[in-house]
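*Asks:* return atomic coordinates for the entry below.
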Amino acid sequence: MIVPHATDTPVPARTVRKAVVPAAGLGTRFLPATKATPKEMLPVVDKPAIQYVVEEAAAAGLDDVLMVTGRHKRAIEDHFDNAFELEQVLAAKGDAVRLDAVRDPARLADIHHIRQGEPLGLGHAVLCARRHVGDQPFAVLLGDDLIDPRETLLSTMLDVRERHGGNVIALMEVAREQIHRYGCAAVEATEEDGVVRVTGLVEKPSPEDAPSAYAVIGRYVLDPAVFDVLERTPPGRGGEIQLTDALQTLTVDGTVHGVVFDGLRYDTGDKADYLRTVVRLACARPDLGPEFTDWLKGFVAELESGEGVVRRRPAA
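*Replies:* Down below sits the predicted model:
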């Protein structure tokens, strides 16, 4: 199932209005770039990765966003705040385009911040949001997974939640040899195209032990009942409280559905995938794409001919 592309139709009123964005990771795979800069603030073309995630939430009608951060993440708070001095400079120059770009992050939603005191896993990060979320259903969006802005995966998941209640997770079919990188779902079909009932979940199984090739990707719509389960969930793989383990408990009640997604998804948690993400999104930009694509074609042609090899100056 390909989730339909976004349209200009109004966002329907929903019972889910809150989103939680865990952003407390150390970003060790991107050191030294992330020594002093949060990994979520690494630029994807000309916006930090986390802004794409908040834009996705806002586009789906979620107007209350809680960032669960850690130490040294102040840059995230600053990015989604007003920058009065910078705005005044741009306004004085009459630079309306850049002024709007600077103001946009603070206008996307009502954004809150809370710190995860200890790095105890995704399940613990979600549990940190309990007081803010209360007894309302909510979405969780992971910053390492970017969904192309033209897709409507989150809106589809929210629609499934409206019809079925309970919990909804995003699934994507991957190669068997890659399933060990993800949570994996055992599923059974429903009468709805692209919607499955999740009957079991296991965190990062070996290919031979995986119940399917359906990987859990970083989008969830959760019932507040998940908090009580997380409270009782012991540390699992890696000594961390795993959200997958809590959702496995809830599959026993038949309250977990999956939306199968085969649209455009970008993984920015890996260096090579991060670079591919930047190239793909740059090529899709109307202001950058045509010129950049022409250059890219020429560069690839040079590589194939052997002329694009980086030449180093000889040592002195």
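*Asks:* any idea which element Leu92 lies in?
*Replies:* If you look again at residue 92, you'll see it is Ala, not Leu. Taking DSSP states H and E as the definition, Ala92 sits inside helix 84-93.
*Asks:* who does that helix touch, helix- and strand-wise?
*Replies:* Judged by 3 or more Cβ pairs under 8 Å, 6 or more residues apart in numbering; DSSP states H and E, helix 84-93 is in contact with helix 96-107. Yep, even glycine has a C-beta here, placed from its N, CA and C like the rest.
*Asks:* quick check: mean pLDDT across the next helix or strand after the helix it packs on?
*Replies:* Following the chain from helix 96-107 toward its C-terminal end, the next helix or strand by DSSP H and E is strand 110-115. On average, the pLDDT along strand 110-115 is 94.
*Asks:* tell me what strand 110-115 is packed against?
*Replies:* Packed against strand 110-115, as judged by 3+ Cβ pairs under 8 Å, 6+ apart, are the following elements: strand 64-69.
*Asks:* now the strand it packs on: how far from the chain's centre is it?
*Replies:* 13 Å (Cα atoms, centre = their mean, to the nearest Å).
*Asks:* ok, residues contacting that strand?
*Replies:* Contact with strand 64-69 is made by 17-24, 38, 50, 54, 57-58, 76-77, 80, 108-116, 125-126, 128-129, 132-133, as judged by Cβ atoms under 8 Å, 6 or more residues apart in numbering.
*Asks:* redo that, cut-off 6 Å
*Replies:* Residues from elsewhere that reach strand 64-69, judged by Cβ atoms under 6 Å, 6 or more residues apart in numbering: 17-24, 54, 57, 76, 109-116, 125, 128-129, 132.
*Asks:* pLDDT of the next helix or strand after that strand, averaged?
*Replies:* For strand 64-69, the succeeding helix or strand toward the C-terminus, using DSSP H and E, is helix 74-79. Across helix 74-79, pLDDT averages out at 92.
*Asks:* buried stuff in helix 74-79?
*Replies:* When neighbours are counted by 16 or more other Cβ atoms under 10 Å, the buried residues of helix 74-79 are found to be Ile76, His79.
*Asks:* and for stretch 33-45?
*Replies:* Along stretch 33-45, the positions that meet the burial threshold by neighbour count (16+ other Cβ under 10 Å) are Thr34, Thr37, Pro38, Lys39, Glu40, Met41, Leu42, Val44, Val45.
*Asks:* how far does that stretch sit from the chain's center?
*Replies:* From the chain centre to the centre of stretch 33-45 is a distance of 15 Å (Cα atoms, centre = their mean).
*Asks:* what does it contact?
*Replies:* Contacting residues not belonging to stretch 33-45 are listed as 23, 27, 30, 48-50, 73, 75-76, 143, 277-278, 281-282 [Cβ under 6 Å, 6+ apart].
*Asks:* between those, which is nearest Leu153?
*Replies:* If you rank the contacts of stretch 33-45 by distance to Leu153 using Cβ to Cβ, Gly143 comes first, at 15.3 Å.
*Asks:* next one, pLDDT for that closest one please.
*Replies:* Model confidence at Gly143, expressed as pLDDT, equals 85.
*Asks:* so what does Asp135 have for phi and psi?
*Replies:* For Asp135, the backbone dihedrals (degrees, to the nearest 10) come out as phi -100, psi 30.
*Asks:* what's the first-to-last distance across stretch 25-34?
*Replies:* Stretch 25-34 has an end-to-end distance of 10 Å (Cα to Cα, to the nearest Å).
*Asks:* related to what we said a few turns ago, now, which of the contacts of stretch 33-45 lie within strands?
*Replies:* Among the contacts of stretch 33-45, the members falling in strands (DSSP state E) are Ala23, Pro48.
*Asks:* and the contacts of strand 64-69, which of them are buried?
*Replies:* For those, a burial check counting by 16+ other Cβ under 10 Å picks out 17-24, 54, 57, 76, 109, 111-114, 116, 125, 128-129.
*Asks:* and stretch 255-273, which residues are buried?
*Replies:* Neighbour-count burial for stretch 255-273, with 16+ other Cβ under 10 Å as criterion, is recorded at 255-261, 263-269.
*Asks:* stretch 45-58 too?
*Replies:* Of the residues in stretch 45-58, 45, 47-58 count as buried by neighbour count, 16+ other Cβ under 10 Å.
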